[in-house]
Structure formats: C-alpha cells, structure tokens
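**Student:** Here is a sequence together with a model predicted from it:
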Amino acid sequence: MDIVFNLLLIAHFVAFAVGITTTIGMPIVMGLMPRLAPEGKAVLASLVPVFSRNARLAFGALVLTGLAMMAVRYGGAGGMTGWFWLKMGLVAVVFLALLAGLLLKPGQISPRVMGWITRLSMLGIVVSAVFAFN
C-alpha cells in the first residue's frame, strides 16, 4: 500500500504545482492586460483559457488523489483533526473561486481580489495539511 500511496502523493503534488502556477500566474496576466497594446492583450488573452482549463483539471486531480489517499492510508476521513477540516474548508473556498470564475462575467470580480483569495487559501491549505498529516 505504501507504493500506491506514494504514487498518489506524487500525482497530488504535481496537480498542486499546476494549480498553484495558475493561482499565481492568472492574476499577473490579468493585471498586465489593461496596460498593453491590443497585440499584447491578444497574446495574454490566449493564455486565459489555458490557465482556466489547467486550474479545473488540477482541482479535479487534487480532489480525486486526495480522496484516494484518504482511503488508502486512513480508511476515510473519520477521526481527522480540526486541521484537516480547516484544509477542507479552504479547498471549498478555492472551489468557489473556480466556480465564480466560470459563472461570472470577466471584470465582475477584481483579478487582484480573486488572486489574493486563492493565494491565501492555497497557503492555508499547505499550512493546515502540514499540521494535519505530520
């Protein structure tokens, strides 16, 4: 089982890397767009769907690998500490941010605000995961 868990953990970390890249990169791209010439805006605008797709795929992979790791190592979420549940709450915040990005029109939420919400949530996820699992 340790090999299965370790493979799931590797996949989880890779998905997290993709997700955090989007979390950091998307607000930077969106913040640069107003200052660029139309040609530059077109180039950066072409990155937005790529970032969005990667974020959704990474989130899905994180949820699936996380659930699988919980089943393999712990037999489920029963008996987990408050740190684990804080982590899950922050995962819900990231999910809501992804959902808002899909449902709201561009510009309805400031990219800077969305960037800080997701960045701080991701930081909280890392901190709470360290305390939950070590």
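**Tutor:** Sure, I can see it. Quantities reported herein were computed from a predicted structural model and do not represent experimental measurements.
**Student:** all helices of the chain, in order?
**Tutor:** 2-32, 38-69, 82-103, 111-133 (DSSP state H).
**Student:** how much does the longest one deviate in direction from helix 82-103?
**Tutor:** Angular relation of helix 38-69 and helix 82-103 on a 0 to 180 degree scale: 140 degrees, by axes from the mean of the first three to the mean of the last three Cα atoms, to 10 degrees.
**Student:** which parts of helix 38-69 are buried?
**Tutor:** Buried residues in helix 38-69, counting neighbours by 16 or more other Cβ atoms under 10 Å, are found at F51, N54, A55, A58, F59, A61, L62, T65, G66, A68, M69. Quick note: C-beta positions are derived from backbone N, CA and C, even for glycine.
**Student:** Got phi/psi on I109?
**Tutor:** In terms of degrees, to the nearest 10, the main-chain angles of I109 are phi -120, psi 130.
**Student:** Spatially, and excluding backbone neighbours, which residue is closest to the spatially most central residue of the chain.
**Tutor:** In the chain, the C-alpha nearest the mean C-alpha coordinate belongs to G19, at 4.3 Å (Cα atoms, centre = their mean). If the residues on either side of it in the chain are set aside, G19 comes closest to A58, at 3.8 Å by Cβ to Cβ, 6 or more residues apart in numbering.
**Student:** can you check I125 too?
**Tutor:** In space, I125 is closest to L90, 4.8 Å off (Cβ to Cβ, 6+ apart).
**Student:** Mind pulling the model confidence for the one you found?
**Tutor:** We have a pLDDT of 96 for L90.
**Student:** and what of V48?
**Tutor:** 84.
**Student:** How about M1?
**Tutor:** pLDDT for M1: 69.
**Student:** what do you get for the one 10 residues further on?
**Tutor:** Predicted confidence (pLDDT) at A11: the value is 97.
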